[in-house]
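Trainee: I would like to see how this sequence folds:
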Amino acid sequence: MAKAVSPRKKALPAPLTIRLYAPGMTPLLRAGAGGVAAALRAIHGEAPWPSPVKLGPGTATVSPEAIHLDWGGESPEATLKPLFDASFRVKQGFIDLPGTRRPGAPEPRPELAAALHEALKVTFLQHGKSTQGGTRKRLTFEVDDQPVVVESQAYASFVHQGAWRSVLEALDSGTTVLASWAYPGAAERHIGVRATKVEYTAEEALCACFALLGCVSYKLPQLRGGAFVALAPTDLVRFADLRPALTPGTLRDVAVAGASDAVLAVRLAMKLEAKGRLAKAVGTAEAVALRQMPWNAQQKIRSAVVRQDSVPEGVLDRYAAVAAALPHTLRVRKPEGKAQGNAGYFIATSALRAFITENLAASRPWFADFATATTAEGRFIHYFRGRDNLGALLWDERKGLIAMHPYLGEAEQWLVQSVHLALRGRFKSIYDDTKESPKATRSNRFKGERERLRLSFAGAKTPEQVRAALADLWSRAGTNRELQAHWKDILPLLGPERWREARDLALVALASYQGRGDEAVALADADDASDVSEPS
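Mentor: This next block holds a predicted model:
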């Protein structure tokens, strides 16, 4: 009688090694490798780092340029599942990523946890199928000493928690396919054509699963979208220590004004934190802004990408100045109709900050194109916002322009100061003429003069028109000491090569002019800029 043959035991896959500089490792996948390292650092707790991390029967070892996973003689599932279970959690309905916190650090307050959760929902977890279950949670906290009640959508689970199965599939068959949550804002070019389908090896799939941990996600209130910064580590061991310091620590820090604001915010946080051995933990930083487009109302599409390999120290100094002068603010949302109380809060961001940071990230002068720049809604950055105009600038944002004056060149400062001096003469003359007149008359005169000057500068399309607009202002204002002393320095700005800079600077001077004494009060009274409102 023939002997029964027992089925041959399936051979175990070889150990898995993620190499930071392997072919096909995009910035997002390298960020994901950093996310794996940060997650392992959190699992390791306060034990010496780096050293092997126990994951079920297997172990993970992190070196500066690679992560090695050994299965310990068991199925890879027994090692991967504990890694995913410890790295992707849901606490009280909100997504919890221990790798984004320092070992032993307390969990964020519920309102901050909810905001970080929402930032992930508008970046990596946009699609409804990427999250499951849960109910709306009610949170109460204070904004400007006012109690605010917020309802936030909580979840029972999210797709990353079970994504280890996709890594197993890639280990078995060589590749796997992941949905859009693995690469936010990207889409398959031709659905149904295999040649354009994105497929991942096991190493790439593991990195893609951990990209939301290696990246920093933000809300983008002005565009009703989100943004994330993909950080490509140069040293995985150091990045694992650095990553928790990059997580937004307050409600207002969860928002950004644009992709450039996001990448510079992360770079500044790295500068403040990354000292000594952490200083060179990150190479490329790539910020991606996501927003809804008319042709796709269900998914947010990439609307801007800003990539930086390094940022000069001077640029970060300028960014720190504008971020301090134009911080994001929390505003209590007004209830609709006759409802009582409040309807939660929103984070107001500055269009001027978005404009300045865009220039800084592109290594342009911070005021470049101030005359022509507009917001996504078509509002002019240089124009004070009113009830019925196309302005975007708020009256209080003058302090942002003033804070940036020291970062002008010498000739640029002389031009701005000469325009300020001329404006002082013009507005003082109007104030003296209307001192005995009704307040409305004085306000109308101030607004009319400011609008006349704005139109003459913004409407200048040639060097001759810029010179004519400046000459008209200087001639009406009387003696100008700044102009008399520094006209030779200012003259090159009025030539054919730099006249656009002169036009931008003249409008910067007009927008940042404050006035003195009673004149300053009258100028403020003349402003009819509406209060900042939530984007519609």
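Trainee: and residue 319, backbone torsions?
Mentor: phi -60, psi -40 (degrees, to the nearest 10).
Trainee: which SSE is the closest residue to it other than its chain neighbours in?
Mentor: Spatially, and ignoring its direct neighbours in sequence, residue 319 is nearest to residue 264 (4.5 Å; CB to CB, 6 or more residues apart in numbering). In this view, the C-beta of every residue, glycine as well, is placed from N, C-alpha and C. Under the criterion of DSSP states H and E, residue 264 resides in helix 259-273.
Trainee: pLDDT of that helix, averaged?
Mentor: Here helix 259-273 scores 92 as its mean pLDDT.
Trainee: after that helix, heading C-terminal, what element do we hit next?
Mentor: According to DSSP H and E, the helix or strand after helix 259-273 is strand 282-293.
Trainee: what is that following strand packed up against?
Mentor: helix 27-44, strand 216-220, strand 225-233, helix 259-273, strand 296-308 (3 or more CB pairs under 8 Å, 6 or more residues apart in numbering; DSSP states H and E).
Trainee: got the buried residues for that strand?
Mentor: By neighbour count on 16 or more other CB atoms under 10 Å, the buried set for strand 282-293 is 282-292.
Trainee: repeat for stretch 239-257
Mentor: Those would be 239-244, 246-248, 251, 253-257, for stretch 239-257 by 16+ other CB under 10 Å.
Trainee: now for the helix holding residue 264, which elements pack on it?
Mentor: strand 216-220, strand 225-233, strand 282-293, strand 296-308, helix 313-325, helix 351-361.
Trainee: give me that answer again for 7 Å
Mentor: strand 225-233, strand 282-293, strand 296-308, helix 313-325, helix 351-361 (3 or more CB pairs under 7 Å, 6 or more residues apart in numbering; DSSP states H and E).
Trainee: quick check: which of these is buried the most?
Mentor: Counting by mean count of other CB atoms under 10 Å, strand 225-233 has the highest mean neighbour count of those, with a mean of 28.
Trainee: pLDDT on whichever helix or strand comes after that strand, on average?
Mentor: Once strand 225-233 ends, the next helix or strand along the chain (criterion: DSSP H and E) is helix 236-242. Taken as a whole, helix 236-242 has a mean pLDDT of 94.
Trainee: same thing with stretch 495-514?
Mentor: 95.
Trainee: now that stretch - C-alpha only, PDB.
Mentor: This file holds the C-alpha atoms of stretch 495-514, laid out as PDB (Å, rounded to 0.1, in the frame of the first residue of the first chain):
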ATOM      1  CA  GLY A 495      14.400 102.000 -15.100                       C
ATOM      2  CA  PRO A 496      13.200  99.500 -17.800                       C
ATOM      3  CA  GLU A 497      14.700  96.500 -16.000                       C
ATOM      4  CA  ARG A 498      13.200  97.100 -12.500                       C
ATOM      5  CA  TRP A 499      10.100  99.200 -12.900                       C
ATOM      6  CA  ARG A 500       7.800  96.300 -11.900                       C
ATOM      7  CA  GLU A 501       9.600  96.200  -8.600                       C
ATOM      8  CA  ALA A 502       9.000  99.900  -8.100                       C
ATOM      9  CA  ARG A 503       5.300  99.400  -8.900                       C
ATOM     10  CA  ASP A 504       5.100  96.600  -6.300                       C
ATOM     11  CA  LEU A 505       7.000  98.600  -3.700                       C
ATOM     12  CA  ALA A 506       4.800 101.700  -4.200                       C
ATOM     13  CA  LEU A 507       1.700  99.500  -3.500                       C
ATOM     14  CA  VAL A 508       3.500  97.900  -0.500                       C
ATOM     15  CA  ALA A 509       4.100 101.400   0.900                       C
ATOM     16  CA  LEU A 510       0.500 102.500   0.300                       C
ATOM     17  CA  ALA A 511      -0.900  99.300   2.000                       C
ATOM     18  CA  SER A 512       1.400  99.500   4.900                       C
ATOM     19  CA  TYR A 513       1.100 103.200   5.600                       C
ATOM     20  CA  GLN A 514      -0.200 103.800   9.200                       C
END
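Trainee: among the helices and strands packed on strand 282-293, which comes closest to residue 419?
Mentor: With CB to CB, the closest approach to residue 419 among the helices and strands packed on strand 282-293 belongs to helix 259-273: 27.5 Å.
Trainee: now the stretch 301-450 of the chain, which segments are flagged as low pLDDT?
Mentor: 335-343 (pLDDT under 70).
Trainee: repeat that for the stretch 1-150 of the chain.
Mentor: Ranges of the stretch 1-150 of the chain meeting pLDDT under 70: 1-10.
Trainee: and residue 402, which of the helices and strands packed on strand 282-293 is closest to it?
Mentor: Using CB to CB, the helices and strands packed on strand 282-293 put helix 259-273 closest to residue 402, at 19.5 Å.
Trainee: and the closest one with strand 225-233, angle?
Mentor: 40 degrees (axes from the mean of the first three to the mean of the last three CA atoms, to 10 degrees).
Trainee: buried residues in helix 259-273, which are they?
Mentor: Going by neighbour count (16+ other CB under 10 Å), the buried part of helix 259-273 is 259-271.
Trainee: same question for stretch 85-99.
Mentor: Quick answer for stretch 85-99 (16+ other CB under 10 Å): 86-88, 90, 93-99.
Trainee: do stretch 471-480 as well
Mentor: 473-474, 477, 480.
Trainee: redo the residues you listed as a markdown table? Include pLDDT.
Mentor: Shown next, in a markdown table, are the buried residues of stretch 471-480 (pLDDT from 0 to 100):
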| residue | pLDDT |
| --- | --- |
| 473 | 94 |
| 474 | 94 |
| 477 | 85 |
| 480 | 88 |
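Trainee: please consider this matter closed, and thank you.
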